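> Give me the fold of what follows.
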Amino acid sequence: MNSISEAISMSGFKTIDFIILVIYLILLVCLGLFLSRNKDGKEKSANDYFLAGNTLTWWAVGASLIAANISAEQFIGMSGTGFRDGIAIAAYEVMAAVTLVVIGKFLLPVMLDRKIFTIPQFLRERYNDGVGLAFSILWLFLYVFVNLTSVAWLGALAIEQILGLQGLAVSIFGIEVSMRMLIILGLFVIAGIYSIYGGLASVAWTDVMQVTFLVGGGLITAYVALHEMGAILGTDALGALGQVYNDMTTGAHAQDVHFHLVIQDSHNHEAFTNVPGIAAVVGGVWLTNLGYWGFNQYIIQKGLAAKSIDEAKKGLIFAGFLKIVIPFIVVLPGICAYYIMENPETFASMNLAGKINVADDAYPWLIRNFTPTGIKGLSFAALTAAIISSLASMFNSTSTLFTMDIYKKYINKQAGDKQLVNIGRVVAVCALLIALVAVKPLLGGLDQAFQYIQEYSGFIYPGIITVFGLGLLWKRASSTAAVWSAIITIPLGVLFKVCFPEVAFQFRAGYIFIILVTFFIIVSYFDRKYVSCEKPAEGDQQQMLKWAKIMGIAGAAMIVIAIAVVAIGATHGVKDPENNLIDYLNDIGFQAFIFFGVLVGCNAVWLYSNSVDKVRDAKALPINLNLFSTTRGYTWGAFGICLITFLLYALLW
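Numbering: from 1, shown residues only. Purely as a prediction, here's the structure:
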């Protein structure tokens, strides 16, 4: 214990920092428990517990989406990748904002119209029980063994590094327990106290407070780091950022990738493998983003709990604007840490404590060395907010999936609301205990955990997008195609990983999607389990045919041009991407447009089919184009997000 107290005293944290943190945690738990109380003595219904009684306003939806999303994997993992590879990793955040626009317009309205509790519930209603059960089990394993473990591990790693507790342990009843495992236990307990008892209402409304700490504390940390660097460089925070940018993009660093949103393979092959050029704009990142934001239970559950479709749409636009802020909170500090490490003589007078042994050490190292007393406590509270809010959302969604999709469907069909709520709480506790046991074996020796999460999530997202997307939008999507697509998704991913290990995972996911969507469409067309149906109203039919033509031509053009660029580039014996346009396009991964062309083109297939086919799958959703209509406010919000995205890429290409 003496060594622990000594380590904390040397970390730079003062009493006021810990007071700020403790006050925050007490406020969080008290607010969560207050919100979880039964009002007027009434027991919570299943809808109250799992969907907050459909009471969430747009600002609660948006804040809760971001709080659930931003966690240690962003603060620590994404900052670590920023340290190693630069700002290109921000593509996940920037393109997620654009993805939220797409989901708000086309996907979420359909799910809300169907009054969906869980994503697998939709699969049961649209296809069959087997497809729903398969995805329920798949998501449960992903939440417990990837999401819960990675968030807790990265969070504990950060806290351990910030407080200087690496490698320390305590003896409990004669058993040595590492500080990291004790921190993980503490995070689980705090998140579980209010989320397991109170359900989604407690999670979502406390997230409003948490996202304030998260964004505010994160921005303050980034500003203070730049301000402290500016004091050494003889300028202010903005001037320091300008000098860092100038030093990292000119002279000997002219080919450094750290301040480029699009990485060239020839400039840094390792960085390109992690964030492969324009594939981070038009490649497999769309699978990751659509799958994560559109069909991930612990994320989309916030949208499903909205008061109305309009409130849900506005919430997604609000979340989109918040997402664009995130790179300045999590990626920029990692780049600052890299700049300091590259210029040790310049910053020698700062007497910096600790080292960056692996990339994921960058953010906690920065907090420990650069944030002043008081601000340290605020930054620590922001990081803790990010971790706890994500864990709370995952506990709630894990219990929702098991209770509503497995227990109520297959174990006790007559279960009442009180029993469902109690089972949900028991399942959340079990998930906590399993993740606690599994966390160290799974994540013990990683350098960049964010890439681990993205890559292994990428094994399932091609199948998820194919099955869910076509099931929502295409009237001929068949259950046979859905079942077989689900079965072959992971084996295809493993096969590609083994046979083509050098292919960046975003390209790999794109190729798998092309195979799966082609397979799905062919099987659906040959499936004879159809019923007859009327064509849409003439006005709707003309609209669908017009957009089918536009998307078909656009998709085909992308595919043809991309194949031509790749083919012509292959004929060059000596590559010269600095002076040859074709070589440059191949150097930034122009082949990603093959995938994007297929993604756009498959929309032409379902639009054309929906407009002219006189048969449909027996469980197809009714065609209602009114669901896709949006208000002027939504349109302007979507335009603002797309404009900011365009400007960011124009400035930092």
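
> Count the residues that sit near Ala381.
Other residues within reach of Ala381 by the criterion other Cβ atoms under 10 Å amount to 24. In this view, the C-beta of every residue, glycine as well, is placed from N, C-alpha and C.

> Just the pLDDT for Asn610.
Here, the pLDDT recorded for Asn610 equals 91.

> ok, it to Gly555 distance?
Remark: distance between Asn610 and Gly555 (Cβ to Cβ, to the nearest Å) = 17 Å.

> Comparing those two, which shows the higher neighbour count?
Neighbours were counted for Asn610 and for Gly555 using other Cβ under 10 Å; Asn610 has more, 24 against 21.

> Reduced to three states, what does the more buried one come out as?
Classification of Asn610 using DSSP: H, G, I helix; E, B strand; the rest coil returns helix.

> Same question for Asn357.
For Asn357, the secondary-structure state derived from three-state DSSP is coil.

> what's around it, how many residues?
Other residues near Asn357 come to 11 when the count uses other Cβ under 10 Å.

> ok, now how distant is it from Ser195?
Using Cβ to Cβ, we find Asn357 at a distance of 33 Å from Ser195.

> Now for the residue of the chain most remote from its centre: which residues touch it?
Of all residues in the chain, the one whose C-alpha sits farthest from the chain's mean C-alpha position, using Cα atoms, centre = their mean, is Gly174 at 40.6 Å. Contacts of Gly174 were listed using Cβ atoms under 8 Å, 6 or more residues apart in numbering, and none were found.

> got any ranges where the stretch 101-250 of the chain has weak pLDDT?
The model of the stretch 101-250 of the chain has pLDDT under 70 over residues 200.

> what are the ranges of the helices in the stretch 51-200 of the chain?
The residue ranges that make up the helices of the stretch 51-200 of the chain, judged by DSSP state H, counting those that start in this stretch, are 58-69, 72, 79-85, 91-102, 108-113, 119-126, 129-142, 149-162, 179-198, 200-233.

> Output those in CSV; the columns should cover distance to Lys307 and mean neighbour count.
Compiled in CSV, these are given as follows (distance: least, Cβ to Cβ, whole Å; neighbours: other Cβ atoms under 10 Å):
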stretch, distance to Lys307, mean neighbour count
helix 58-69, 9, 26
helix 72, 31, 30
helix 79-85, 35, 28
helix 91-102, 18, 24
helix 108-113, 10, 21
helix 119-126, 20, 22
helix 129-142, 26, 19
helix 149-162, 29, 26
helix 179-198, 19, 21
helix 200-233, 12, 22
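
> Go through those and name the closest to Trp293.
Across the helices of the stretch 51-200 of the chain, the minimum distance to Trp293, taken as Cβ to Cβ, is reached by helix 91-102, at 5.4 Å.

> what is the orientation angle of the closest one with helix 58-69?
For helix 91-102 and helix 58-69, the angle between their directions (axes from the mean of the first three to the mean of the last three Cα atoms, to 10 degrees) works out to 150 degrees.

> circling back: any chance of the helices of the stretch 51-200 of the chain in TSV with distance to Thr384 as columns?
Formatted as TSV, the helices of the stretch 51-200 of the chain follow (distance: least, Cβ to Cβ, whole Å):
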stretch	distance to Thr384
helix 58-69	12
helix 72	10
helix 79-85	16
helix 91-102	21
helix 108-113	30
helix 119-126	29
helix 129-142	24
helix 149-162	8
helix 179-198	8
helix 200-233	8
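
> and of the ones you listed, who's closest to Gly320?
Between these, helix 91-102 lies closest to Gly320; by Cβ to Cβ that is 4.0 Å.

> Now do the closest one: which elements does it pack against?
Contact partners of helix 91-102 among helices and strands, from 3 or more Cβ pairs under 8 Å, 6 or more residues apart in numbering; DSSP states H and E: helix 279-282, helix 285-295, helix 309-342, helix 632-652.

> Out of those, flag the one nearest Thr149.
With Cβ to Cβ as the criterion, Thr149 lies closest to helix 285-295 of those, at 17.0 Å.

> one step back: any idea how far Lys475 is from the residue farthest from the centre of the chain?
The span separating Gly174 from Lys475 equals 65 Å under the rule Cβ to Cβ.

> Ok, which of the helices of the stretch 51-200 of the chain comes nearest Gln543?
Taking Cβ to Cβ, helix 108-113 is the member of these nearest to Gln543, at 16.2 Å.

> Arg508: which element?
Arg508 is part of helix 505-526, with elements assigned from DSSP states H and E.

> Convert the C-alpha atoms of that helix to CSV, please.
Output of helix 505-526 as CSV, limited to C-alpha atoms (Å, rounded to 0.1, in the frame of the first residue of the first chain):
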residue,chain,number,x,y,z
PHE,A,505,-9.2,-5.1,-43.0
GLN,A,506,-11.3,-2.3,-44.5
PHE,A,507,-10.7,-3.7,-48.0
ARG,A,508,-11.2,-7.2,-46.8
ALA,A,509,-14.6,-6.3,-45.3
GLY,A,510,-15.5,-4.6,-48.6
TYR,A,511,-14.7,-7.7,-50.7
ILE,A,512,-16.7,-9.9,-48.3
PHE,A,513,-19.7,-7.5,-48.6
ILE,A,514,-19.6,-7.7,-52.4
ILE,A,515,-19.7,-11.5,-52.2
LEU,A,516,-22.4,-11.6,-49.6
VAL,A,517,-24.8,-9.0,-51.2
THR,A,518,-24.4,-10.8,-54.6
PHE,A,519,-25.1,-14.1,-52.9
PHE,A,520,-28.1,-12.7,-51.0
ILE,A,521,-29.7,-11.2,-54.1
ILE,A,522,-29.2,-14.3,-56.3
VAL,A,523,-30.6,-16.6,-53.6
SER,A,524,-33.6,-14.3,-53.0
TYR,A,525,-34.5,-14.2,-56.7
PHE,A,526,-34.4,-18.0,-56.9
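
> hmm, which helix or strand of this protein has the shakiest average pLDDT?
helix 449-457 (a mean of 61; mean pLDDT, DSSP states H and E).

> Following the chain past that one, name the next helix or strand.
Proceeding C-terminally, helix 449-457 gives way to helix 461-464 as the next helix or strand, assigned by DSSP H and E.

> Report all helices and strands that that following helix contacts.
Here helix 461-464 is seen to pack against helix 285-295, helix 479-499, helix 505-526 when contacts are counted using 3+ Cβ pairs under 8 Å, 6+ apart.
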